[in-house]
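> Everything below, folded, please.
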Amino acid sequence: MSERQNIDYAGIVNLVWQRQIEFSQLLQYTDQLAAAGLRGLVAVLYRTWLQRHHDSPYNPFAWFNLGAVLFSDGDVEGAGQAYEQALALSPGFVQPRFNLGLVRERQGQIDAAIEQWKRVQEYADPGKADQRPILIAALNNQARVQEGRKQFGDAMECLNRSLALEPGQTDVLHHWIFIRAKQCLWPVYEPPMGVDPELLRNSTSALALLSLSDDPQRQLATAKGYAERKLPANLPRLAPQGGYQHEKIRIGYCSSDFCLHPVSMLTVELLELHDRTRFEVYGFCWSPNDGSALRQRVVNAFDHYMGIHHLDEKASARLIRQHEIDILIDLQGQTSGARMHMLALRPAPVQITYLGLPATTGMPCIDYVIADRFLIPEEYAGNYSEKPIYMPDVYQVSDRKRLCAPIPTRKGCGLPAEGFVFCSFNNNYKYTPEVFAAWMNILRRVPGSTLWLLSDNPWAQANLQREAEVHGIDPQRLVFAERAWPEQYLARYALPDLFLDTFPFNAGTTANDALWMGLPVLTLTGRSFAARMAGALLTAANLPELITYDLQAYEDKAVELATTPGACLRLREHLEEVRASGVLFDTPRFVRNLERELVSILQPVSGAAFRPGAA
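Residues are numbered from 1 along each chain as shown. As a prediction, the model looks like this:
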């Protein structure tokens, strides 16, 4: 309070109005007011200066500073107008041009944002110390939004230019690696000029690493390192240590993927089937409203749905604490959109990770991971910062209500009329040169066969076709399927004969979908969570013969199944029985088992057994 009391507000404004101070003095006053938390008065001072100094050479800076104040206060429209005024007076002034790009992005005008960042690149002089960081930031922001739009070639060009200016940017390398993987640019670890190869490997994100390494210890170290870099130490704990005593256990699910996303495709029936006599289900959502029927179904499944996209992470954590959530289940992990700071504030006494990231989070604030004994064998549990909750049948929940469109024809999908069809509809970043080489060997050993792949982006498709030629395989034997709505995508699984899994990042939701549609999945299993997902599903389906443990066995098994008459048909018949009466798709059984585990882990927190109806 004393700092504020020592400021003569009226006197300062009067001095500016009377044009009795220089611009350097104005900056001193605004700094003083900002330090006192009086940003509104800072804006008043700049507006007063601009109103009384029509011809000052410092006006571009005044408009820029005003824009920064307005933007920080949430007046995005006003900030944009201020930056435009600064640029009208000084078109080469790169700072307001960069910020105007941020304004346009916030307004949803992505093309306009990119245009401003491109103009920064035209005007900025990398030789000037004050402009070089702005140029790098413009390149990085342009790459970020282009990556989100799957414009991977353009994004890569920007990141290459950024790294040429500053090779040691770990966050940029983090994205550079993943974008190369998404384009199937192999080897992924081919460092750009000036970048230390060791730094490149150490900059790999937790998600990108799943396709590049089957080493669970490395995954744990990467996840822990990222969490330590991103989260402040010694954050206050919001939830009480002893938990709560509610009439019903309050389960909170949080995610940015409550929309047309694989996480929702798997979990929606789980949310619907929770026993409402014993549990109260909350949804904390910062997902885009895509208008999909799936999103509406997810929203309707919650007893209490709370959109928190407008809240920052601290406010989100406080809201969760306010509702006294007993168990918070994070469906995000260290993936795009994660709210790690929110979780680190410990808004719930028990916090669990599930499905979002098929790996350890490395976050000490996450207590448990939902697993099964195939997914995380007890001898591998030490590679996880979380304690496994071992489900008795399978770790992955399923939705039995998923819809399927009419089955398409081979011709309509671009497939040949005859011949064995292999498929792998996993994301292209899961493809690796080692497994792709095995696929090419399989095609060579099975004459007339076809490999049906996801057409995720044109760069990946072109690179895969080129790789096929390198292996002596006609690129025409690779057929690419565009992304489709879930119903059409599911219907496609009636056409292939065998699903070839990826390694070390197995199929998750895609394996579930294939098995649900009766398509056999051949997997290669390793040591990490991501490399054991499909094996866990096949174990629950009682199909251990489709689980292989080395690349040659994987290749040989694929050839055996393709060349043995009736082999895949018999597997389809078995999967029909699994769908009808097996544990893999018995969602009510899964929900009962999960609820039993949740009650069990909550008892030590509350110090008393949970009793329905107890206050």
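> pull the longest helix from this structure.
Taking DSSP state H as the criterion, the chain has its longest helix at helix 587-606.
> Report the distance from that helix to the chain centre.
Counting by C-alpha atoms, centre = their mean, to the nearest Å, helix 587-606 is centred 27 Å from the centre of its parent chain.
> Report the mean confidence score over that helix.
The average of the pLDDT scores along helix 587-606 is 91.
> on contacts alone, who are the packing partners of it?
Counting contacts by 3 or more C-beta pairs under 8 Å, 6 or more residues apart in numbering; DSSP states H and E, helix 587-606 packs against strand 249-255, helix 262-273, strand 327-330, strand 350-353. (Each C-beta comes from the backbone N, C-alpha and C, glycine too.)
> what's residue 495 in contact with, if anything?
407, 408, 410, 413, 415, 421, 452 (C-beta atoms under 8 Å, 6 or more residues apart in numbering).
> In which helix or strand does it reside?
Using DSSP states H and E, residue 495 sits within no helix or strand.
> For it, give its distance to residue 260.
Separation of residue 495 from residue 260 (C-beta to C-beta, to the nearest Å): 23 Å.
> Where in the chain is the helix or strand with the lowest mean pLDDT?
Lowest by mean pLDDT, DSSP states H and E among the helices and strands of the chain is helix 2-5, with a mean of 46.
> What are the contacting residues of the helix or strand following it?
Downstream of helix 2-5, the next assigned helix or strand under DSSP H and E is helix 9-17. Outside helix 9-17, the residues that touch it by C-beta under 8 Å, 6+ apart are 21, 26, 29, 33, 38, 41, 44, 45, 48, 49, 52.
> Let's see that with 10 Å instead.
Residues from elsewhere that reach helix 9-17 (C-beta atoms under 10 Å, 6 or more residues apart in numbering): 8, 20-21, 25-26, 28-30, 32-33, 36, 38, 41, 44-53.
> Pass me the low-pLDDT residue ranges in the stretch 401-550 of the chain, would you?
In the predicted model, the stretch 401-550 of the chain carries no residue with pLDDT under 70.
> Where do the strands of it begin and end?
Shown for the stretch 401-550 of the chain, the strands assigned by DSSP state E, counting those that start in this stretch span residues 421-424, 450-454, 478-481, 498-500, 521-524, 547-548.
> The nearest residue to residue 255 once chain neighbours are set aside and residue 318, how far apart?
Nearest in space to residue 255, with sequence neighbours left out and distances taken as C-beta to C-beta, 6 or more residues apart in numbering, is residue 331 at 3.9 Å. Going from residue 331 to residue 318 by C-beta to C-beta gives 20 Å.
> out of the two, which sits in the busier spot?
residue 331 (22 against 15; other C-beta atoms under 10 Å).
> Now do the phi/psi pair for the more buried one.
The phi and psi values for residue 331, taken as degrees, to the nearest 10, are phi -100, psi 20.
> I'd like to know how far it sits from residue 259.
From residue 331 to residue 259 the distance is 12 Å (C-beta to C-beta).
> again with residue 147
19 Å.
> Ok, residue 235 next?
Taken as C-beta to C-beta, the span from residue 235 to residue 259 is 29 Å.
> where does the stretch 1-150 of the chain have low pLDDT?
Within the stretch 1-150 of the chain, the set of residues satisfying pLDDT under 70 comprises 1-7.
> sorry, that was for the stretch 151-300 of the chain
Within the stretch 151-300 of the chain, no range satisfies pLDDT under 70.
> Which residues are in contact with the nearest residue to residue 544 once chain neighbours are set aside?
Nearest residue to residue 544, sequence neighbours excluded (C-beta to C-beta, 6+ apart): residue 538, at 6.8 Å. Neighbouring residues of residue 538 by C-beta under 10 Å, 6+ apart: 374, 394, 501, 511, 515, 520-523, 525, 544-547, 584.
> what's the answer for residue 135, then?
Residue 135 sits in contact with 94, 98, 117, 120-121, 123-126, 128, 161-162, 165-166, where contact means C-beta under 10 Å, 6+ apart.
> Between which two of those residues is the distance greatest?
The most widely separated members of the contacts of residue 135, counting by C-beta to C-beta, are 123 and 166 (18.7 Å).
> Let me know how buried the closest residue to residue 454 other than its chain neighbours is, in neighbour terms.
In space, and not counting its chain neighbours, residue 454 is closest to residue 425: 4.9 Å by C-beta to C-beta, 6+ apart. Neighbour count of residue 425, defined by other C-beta under 10 Å: 21.
> Likewise for residue 236?
8.
> show me the contacts for the nearest residue to residue 260 once chain neighbours are set aside.
Nearest non-adjacent residue to residue 260, counting by C-beta to C-beta, 6+ apart: residue 292, 4.3 Å away. With contact set as C-beta under 10 Å, 6+ apart, residue 292 has these partners: 259, 260, 261, 264, 298, 485, 486.
> Show me the two of these that sit farthest apart.
For these, and using C-beta to C-beta, no pair is farther apart than 298 and 485, which are 16.6 Å apart.
> Between these two, point out the one with more neighbours.
residue 298 (28 against 12).
> wait, residue 364 sits on residue 385?
Yes - using C-beta atoms under 10 Å, residue 364 is in contact with residue 385, at 6.5 Å.
> neighbour count winner among those two?
residue 385 (19 against 14).
> which of the contacts of residue 495 lies closest to residue 177?
Nearest member of the contacts of residue 495 to residue 177, counting by C-beta to C-beta, is residue 452, at 27.4 Å.
> Give the burial count for the spatially closest residue to the closest one that is not a sequence neighbour, as a bare number.
Using C-beta to C-beta, 6+ apart and skipping residues adjacent in sequence, the residue nearest residue 452 is residue 423, 4.0 Å away. Residue 423 has 25 neighbouring residues, counting by other C-beta under 10 Å.
> just residue 166 next, same as before
Residues lying near residue 166 (other C-beta under 10 Å) number 16.
> quick one, what contacts it?
Neighbouring residues of residue 166 by C-beta under 10 Å, 6+ apart: 126, 132, 133, 135, 136, 139, 140, 172, 194.
> Now that we have the residues you listed, which of them are buried?
If you count burial by 16 or more other C-beta atoms under 10 Å, the buried members of the contacts of residue 166 come out as 126, 135, 136, 139, 140, 172.
> Please produce TSV containing those residues, extended by secondary structure and distance to residue 103.
Compiled in TSV, the buried ones among the contacts of residue 166 are given as follows (DSSP: H, G, I helix; E, B strand; the rest coil; distance: C-beta to C-beta, whole Å):
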residue	secondary structure	distance to residue 103
126	coil	24
135	helix	19
136	helix	20
139	helix	18
140	helix	17
172	helix	23
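> Would you mind giving the residues you listed as a markdown table with distance to residue 578 added?
Below are the buried ones among the contacts of residue 166 laid out as a markdown table (distance: C-beta to C-beta, whole Å):
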| residue | distance to residue 578 |
| --- | --- |
| 126 | 60 |
| 135 | 57 |
| 136 | 53 |
| 139 | 51 |
| 140 | 48 |
| 172 | 46 |
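> picking that back up, quick check, nearest of the contacts of residue 166 to residue 532?
residue 172 (31.6 Å).
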